[in-house]
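Enquirer: 3D model of this:
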Amino acid sequence: MIKLDKRVKRIAVVDTETLGVDKPLVYDFAVTITDKKGNIYAQKNWIVKEVFEQKDKMQSAYYACKLPKYDEMIAEGKAIVMPWNEIKAEFNQMLEEYDVKVLSAYNLGFDKRALTYTNKCMGNTGKFLGRPVELWDIWGIATQTIMQHKTFHKIALSENWYTEKGNVLSNAEVAYRYITNELDFEESHTALHDTEIETEILVRCLRQNKKLENGKGIFGSPWKVAQKGKLK
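Expert: Below is the predicted model:
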């Protein structure tokens with residue numbers, strides 16, 4: 001049994017890659033268990049067998065380009081193909097084993113919805129999570145902390161981090177570019193790698209030790225908060 005410091009609040013940073021957005025079926029799911037200082041306790045990457053093996057959907061134009069990467073990850077043992085219910089059991093076992101108090105993700109609202117929807121589609125009537133946890137949305141935390149920096153908005157202006165409508169971008173990719181100064185960084189959009197960069201973003205945000213007006217939980221339209229320091 002793992003000996004843990006009970007004074008430390010451990011956080012499960014999760015990410016999902018899905019077929020669809022309105023009805024998001026998870027095919028790639030990963031977790032990085034960390035703490036506020038960024039210490040890594042465990043990581044796992046699962047490929048959902050029931051979804052990944054729907055070859056007609058996975059061979060569609062958008063997803064087909066990702067298949068060679070996944071084949072490589074599976075062959076190297078970096079990701080494991082498992083049935084959904086086994087993934088669910090293993091994930092919840094990890095939450096118990098590491099006494100995880102917080103579930104977190106960048107745009108946690110989407111990942112939570114994807115996990116709930118997929119769990120229902122697999123014939124389960126109960127909840128996906130087996131224990132009560134706090135919910136922290138890294139997107140909302142980032143827009144209230146690092147995206148309030150004048151430096152962030154100066155770089156956003158010089159690098160044209162804006163939408164077509166002129167709003168400052170606030171996704172994980174630009175957040176990671178800002179905290180690392182890797183201005184050409186592009187997300188891989190594979191679940192485990194995304195949890196790793198999101199963990200770094202969360203740790204940097206928490207290091208600000210700033211009181212958050214909207215809190216750490218899920219709230220509506222975090223992107224609007226990022227517009228407060230926008231330069232023209």
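Enquirer: CA atoms of the least confident helix or strand in the chain by mean pLDDT as PDB?
Expert: None of the helices or strands of the chain scores lower by mean pLDDT, DSSP states H and E than helix 61-64, at a mean of 76. The C-alpha coordinates for helix 61-64 follow below in PDB (Å, rounded to 0.1, in the frame of the first residue of the first chain):
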ATOM      1  CA  ALA A  61     -11.000  12.500 -42.300                       C
ATOM      2  CA  TYR A  62     -10.400  14.200 -38.900                       C
ATOM      3  CA  TYR A  63      -9.500  11.100 -36.900                       C
ATOM      4  CA  ALA A  64      -7.700   9.100 -39.500                       C
END
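Enquirer: mind checking what helix or strand follows that helix in sequence?
Expert: helix 67-75 (DSSP states H and E).
Enquirer: which strands or helices does that following helix pack on?
Expert: Packing contacts for helix 67-75, counted by 3 or more Cβ pairs under 8 Å, 6 or more residues apart in numbering; DSSP states H and E, involve strand 42-48. Where C-beta positions appear, they are placed from N, C-alpha and C, glycine not excepted.
Enquirer: so which residues make contact with the strand it packs on?
Expert: Strand 42-48 is contacted from outside by 25-33, 70, 73-74, 78-84, 87, 90-91, 94, 97-98, 118, 191-192, 195-196, using Cβ atoms under 8 Å, 6 or more residues apart in numbering.
Enquirer: and that strand, which strands flank it?
Expert: strand 25-35 (antiparallel), strand 80-82 (parallel) (DSSP bridges).
Enquirer: among those strands, which is nearest C205?
Expert: strand 25-35 (12.8 Å; Cβ to Cβ).
Enquirer: any idea of the mean pLDDT for that closest one?
Expert: The average pLDDT for strand 25-35 rounds to 97.
Enquirer: how distant is that strand from the center of its chain?
Expert: 7 Å (Cα atoms, centre = their mean, to the nearest Å).
Enquirer: so where's this structure shaky on pLDDT?
Expert: 1-2, 61 (pLDDT under 70).
Enquirer: in it, which spans are helices?
Expert: 49-52, 55-58, 61-64, 67-75, 84-97, 108-121, 138-144, 150-159, 172-180, 191-206, 222-226 (DSSP state H).
Enquirer: deepest of the ones you listed, which one?
Expert: helix 138-144 (a mean of 26; mean count of other Cβ atoms under 10 Å).
Enquirer: what helices and strands are in contact with that helix?
Expert: Short answer (3+ Cβ pairs under 8 Å, 6+ apart): helix 138-144 packs on helix 172-180, helix 191-206, helix 222-226.
Enquirer: cutoff 7 Å now
Expert: Contacts defined by 3 or more Cβ pairs under 7 Å, 6 or more residues apart in numbering; DSSP states H and E place helix 138-144 against helix 191-206, helix 222-226.
Enquirer: now the angle from the first one to strand 25-35?
Expert: Between the axis of helix 191-206 and that of strand 25-35 there is an angle of 40 degrees, by axes from the mean of the first three to the mean of the last three Cα atoms, to 10 degrees.
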